[in-house]
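[1] here you go, sequence then predicted model.
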Amino acid sequence: SFWASFAHLMRTTKRPLVLTCSHIDDEALELRDLLMVEFAPLDASAIAERCALACHAAGRPVSPEAIARLAVQNAGDYRKSLIETQLLAMEASAGLGQGGNEKVASILHELD
């Protein structure tokens, strides 16, 4: 199985391995004897701050209110918030109707 092979690789490799997931099934729990690091989810304000910094670094200004709303709606899912912030930045620079993300479009409409 995948987990058995991965466990063998973790025990024998001299290189660090990183595997991320949002849910650990029973078979993966057997790997707990190997080094595992668990991270607490970020709160919405921390996610919004990081997404705003990414927009700023990319030179695509996005309304802080829109980013904050996405972060709250995504309930601690940083990856989803970052991807939707990217879509929000593209929609904001291209104008409504150019993309296809309904959540992003609804947030832009609410902020107008």
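    Received, thanks. Numbers count the residues shown, from 1 in each chain.

[2] which residue would you name as the spatial centre of the protein?
    Centroid-nearest residue in the chain, with CA atoms, centre = their mean: residue 79, separated by 0.7 Å.

[3] in this protein, where is pLDDT below threshold?
    Where the chain drops to pLDDT under 70, the residues are 35-36, 93-112.

[4] what are the ranges of the helices in it?
    Per DSSP state H, the chain carries helices over the ranges 2-12, 26-29, 44-58, 64-73, 78-94, 102-111.

[5] so can I have TSV of those showing distance to residue 18?
    For the C-beta atoms, the positions are set from N, CA and C on the backbone; glycine is no exception. Shown next, in TSV, are the helices of the chain (distance: least, CB to CB, whole Å):
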stretch	distance to residue 18
helix 2-12	11
helix 26-29	14
helix 44-58	19
helix 64-73	24
helix 78-94	15
helix 102-111	30
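
[6] out of those, flag the one nearest residue 19.
    For these, distance to residue 19 was read as CB to CB. The smallest value, 7.1 Å, belongs to helix 2-12.

[7] quick one: residues contacting the residue nearest to the centre of the chain.
    If a contact means CB atoms under 8 Å, 6 or more residues apart in numbering, then residue 79 has no contacts.

[8] tell me how far it lies from residue 30.
    Using CB to CB, to the nearest Å, residue 79 is found at 26 Å from residue 30.

[9] against residue 89, how distant is residue 52?
    Per CB to CB, residue 52 is found 10 Å from residue 89.

[10] spit out the residues that contact the two alike.
    Here residue 52 and residue 89 have residue 62 as joint contacts, going by CB under 8 Å, 6+ apart.

[11] quick one: residue 78 and residue 42 touch, right?
    Yes. The criterion here is CB atoms under 8 Å, and residue 78 meets it with residue 42 at 5.6 Å.

[12] who touches both of those two?
    Shared contacts of residue 78 and residue 42, counting by CB under 8 Å, 6+ apart, come down to residue 50.

[13] these two touch, right, residue 76 and residue 44?
    Yes. Look at residue 76 against residue 44 with CB under 8 Å: they come within range, at 7.2 Å.
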